[in-house]
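*Asks:* based on what follows, work out the 3D shape:
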Amino acid sequence: HPDDLLVLNRALQDCDDGTTEQVSMEMRIGSEREGWRWFLNNGMYGVLPDGVPHAWCMLSDITAQKQIQDQLLDALRETSRLEQVKTSFLANMSHELRTPLNGIVGNAKLLEMGGLDEDQGELVQAIRQSARRMVRLVQNFLLLSELEAGTVLSVMEEVHPALLLHDLIEAQAREAGHPGVTLRLLISGLLPDKLQADQENLLHILNQLVDNALKHTPSGTVTIHARMLDGTMDGIPGDQLEIKVRDSGVGIGPEQQAELFQSFKLTDDTYTRRFQGAGLGLSICRKLAHLMEASLEAESTPGVGSCFRLKIPVRLKEPAMSRDGMKPAARVLVVDDDETGRILLGMFCECEGLQPVLATNGKEALELMGRQTFDLVLLDIQMPMISGLDVCRTIRNDASFTACRPMVVAVTAYALPGDRERFLADGFDDYMEKPISLALFGALLRKMGMVPGS
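*Replies:* Here you go, the predicted model:
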């Protein structure tokens, strides 16, 4: 074959020059009857006693192997293409589903705060619970896909364990809607003020475990128990944070426990089952725990209850400067092209005692910031004219914002694994994924020092 002839000639020239005595190469040889076929050419070059140079070669037909290789390469390319299509589809579906869900969840919460009668309150509570289940399903399907693709990262950051657990209890108590169940937090001993841990994945695991405990406990108690375990890691004592979620619910039988952490496995998959679910939550929790180099185990007795034990390796962090002395933010710019989401965030700001100003797109936001000063900017990402990313970059890079640069938070329906890290790397101070609850919004403001801590 012309493409192989040059390589063959170079190999023979090396032999002739004495650079090498052996040749091994794949090459194509053609005929009118069979066309081009692939051969493995293993040859030797030497000089006989009579001084005449000779070459010996053995040709092995490898056409079938090359065809298999080509088929495998084609399959890999197609797999890669389909993976890209799938990733793009998931990202788009995540965005499109989260935007309306944000409106449903947020407006249901505002309705609930508006002084409803008992029947209306029950209807709104049913809407919120159904929307919450839908949000969790969307999150789990997307996260499972990313975990199986190996694209989920464990990102270490500063975590305040006691504050995280108190916020978790508060948010669950507001959202749960289980009047017969008492939700308790028990902390044994002292927890470090600050740790280095994967906060996002940790919260996902704990929320899922508490959700499951509440779901399987018709009446009784769900307890979150946290403590530091003794041990050493890199010479640092107390290297494991143990968090147990214990319930007094229906419990799980031995046969079901063996399959508890498998995907799409339900403890009861009959048509008469009492508890709904897709069988994804615990499988995802175990995968996230392994990603964090943590362990997640379960113990359960039918009729008595269950206990899920999460052990997280952590490293202590030196105390850092805090924002305790910062005055609460007075003015917040809310930027979202979705009217429902924009109005919702504005009302959430008012609930927290802030003064919101609303903008419909990035261009309008920059014009407002050119005339007014803001302490905080809540930015949607996907907007017409000027995107949230471009607005954030302008705030970070434009010299006119140097003296009074606001904090900027991405509030977006882009919520695939890695999106948070990408937006933070682009200059955002923090990130919130839609749909947004008032409790989580308040927790974010407290963390940023925008409102006094409770």
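
*Asks:* those helices in the stretch 251-400 of the chain, which residues are they?
*Replies:* With DSSP state H, counting those that start in this stretch as the criterion, the stretch 251-400 of the chain has helices at 254-258, 281-291, 339-351, 362-371, 388-397.

*Asks:* low-scoring stretches of the stretch 301-450 of the chain, by residue?
*Replies:* 315-330, 402-403 (pLDDT under 70).

*Asks:* quick check, pLDDT for Gly103.
*Replies:* Per-residue confidence (pLDDT) for Gly103: 83.

*Asks:* compute the distance between it and Gln129, please.
*Replies:* 16 Å (CB to CB, to the nearest Å). (Each C-beta comes from the backbone N, C-alpha and C, glycine too.)

*Asks:* what about these two, which has more around it?
*Replies:* For the pair Gly103 and Gln129, the greater number of neighbours falls to Gly103 (19 against 14), based on other CB atoms under 10 Å.

*Asks:* among the helices of the stretch 251-400 of the chain, which is nearest Gly30?
*Replies:* Gly30 sits nearest to helix 281-291 of all those, at 52.0 Å, using CB to CB.

*Asks:* can you list the helices and strands that the helix or strand containing Lys66 packs against?
*Replies:* Using DSSP states H and E, the element containing Lys66 is helix 63-112. Here helix 63-112 touches strand 35-47, helix 118-149, helix 339-351, going by 3 or more CB pairs under 8 Å, 6 or more residues apart in numbering; DSSP states H and E.

*Asks:* ok, of those, where does mean pLDDT dip lowest?
*Replies:* helix 118-149 (a mean of 78).

*Asks:* got the buried residues for that helix?
*Replies:* 124, 127-128, 131-132, 134-136, 138-147 (16 or more other CB atoms under 10 Å).

*Asks:* that helix to helix 281-291, inter-axis angle?
*Replies:* For helix 118-149 against helix 281-291, the angle by axes from the mean of the first three to the mean of the last three CA atoms, to 10 degrees is 50 degrees.

*Asks:* the following helix or strand past helix 118-149 pairs with which strands, parallel or anti?
*Replies:* Moving toward the C-terminus from helix 118-149, the next helix or strand (DSSP H and E) is strand 157-159. Paired with strand 157-159 in the same sheet, following DSSP bridges, are strand 195-197 (antiparallel).

*Asks:* mind giving me the packing neighbours of the helix or strand following the strand it pairs with?
*Replies:* Per DSSP H and E, the first helix or strand lying C-terminal to strand 195-197 is helix 199-215. Helices and strands touching helix 199-215, by 3+ CB pairs under 8 Å, 6+ apart, are helix 118-149, strand 157-159, helix 161-175, strand 181-187, strand 220-229, strand 240-247, helix 281-291, strand 305-313.

*Asks:* could the ones you listed be laid out in CSV, adding distance to Pro254?
*Replies:* CSV is the format used below for those (distance: least, CB to CB, whole Å):
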stretch, distance to Pro254
helix 118-149, 26
strand 157-159, 35
helix 161-175, 29
strand 181-187, 25
strand 220-229, 22
strand 240-247, 18
helix 281-291, 16
strand 305-313, 13
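
*Asks:* which one of these lies nearest to Gln196?
*Replies:* That would be strand 157-159 among the helices and strands packed on helix 199-215, by CB to CB, at 6.7 Å.

*Asks:* what about the closest one, average pLDDT?
*Replies:* Computed over strand 157-159, the mean pLDDT rounds to 82.

*Asks:* which positions in that strand come out as buried?
*Replies:* Neighbour-count burial for strand 157-159 flags Val159 (criterion: 16+ other CB under 10 Å).

*Asks:* centre of the chain to that strand, how far?
*Replies:* 16 Å (CA atoms, centre = their mean, to the nearest Å).

*Asks:* need the residues that contact that strand.
*Replies:* With contacts defined as CB atoms under 8 Å, 6 or more residues apart in numbering, strand 157-159 is touched by Lys194, Leu195, Gln196, Ala197, Asp198, Gln199, Leu202, Val314, Lys317, Ala320.

*Asks:* quick one: residues contacting the fifth one.
*Replies:* I take that to be Asp198. Ser154, Val155, Met156, Glu157, Leu291, Met292.

*Asks:* neighbour-wise, which of the residues you listed leads?
*Replies:* Using other CB under 10 Å as the neighbour test, the contacts of Asp198 are led by Met292, with 21 neighbours.

*Asks:* is it in contact with Leu203, as I believe?
*Replies:* No - here Met292 lies out of contact with Leu203, judged by CB atoms under 8 Å, at a distance of 11.7 Å.

*Asks:* from the chain's centroid, how far away is stretch 195-203?
*Replies:* Here stretch 195-203 shows a centroid-to-chain-centroid distance of 12 Å under the convention CA atoms, centre = their mean.

*Asks:* pull the CA atoms of that stretch into PDB?
*Replies:* Written as PDB, here are the backbone C-alpha positions of stretch 195-203 (Å, rounded to 0.1, in the frame of the first residue of the first chain):
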ATOM      1  CA  LEU A 195     -13.700  20.400  59.300                       C
ATOM      2  CA  GLN A 196     -12.500  19.700  55.800                       C
ATOM      3  CA  ALA A 197     -15.100  17.500  54.100                       C
ATOM      4  CA  ASP A 198     -17.300  17.100  51.000                       C
ATOM      5  CA  GLN A 199     -20.300  19.200  52.100                       C
ATOM      6  CA  GLU A 200     -22.400  18.800  49.000                       C
ATOM      7  CA  ASN A 201     -22.200  15.000  48.900                       C
ATOM      8  CA  LEU A 202     -22.500  14.800  52.700                       C
ATOM      9  CA  LEU A 203     -25.800  16.800  52.700                       C
END
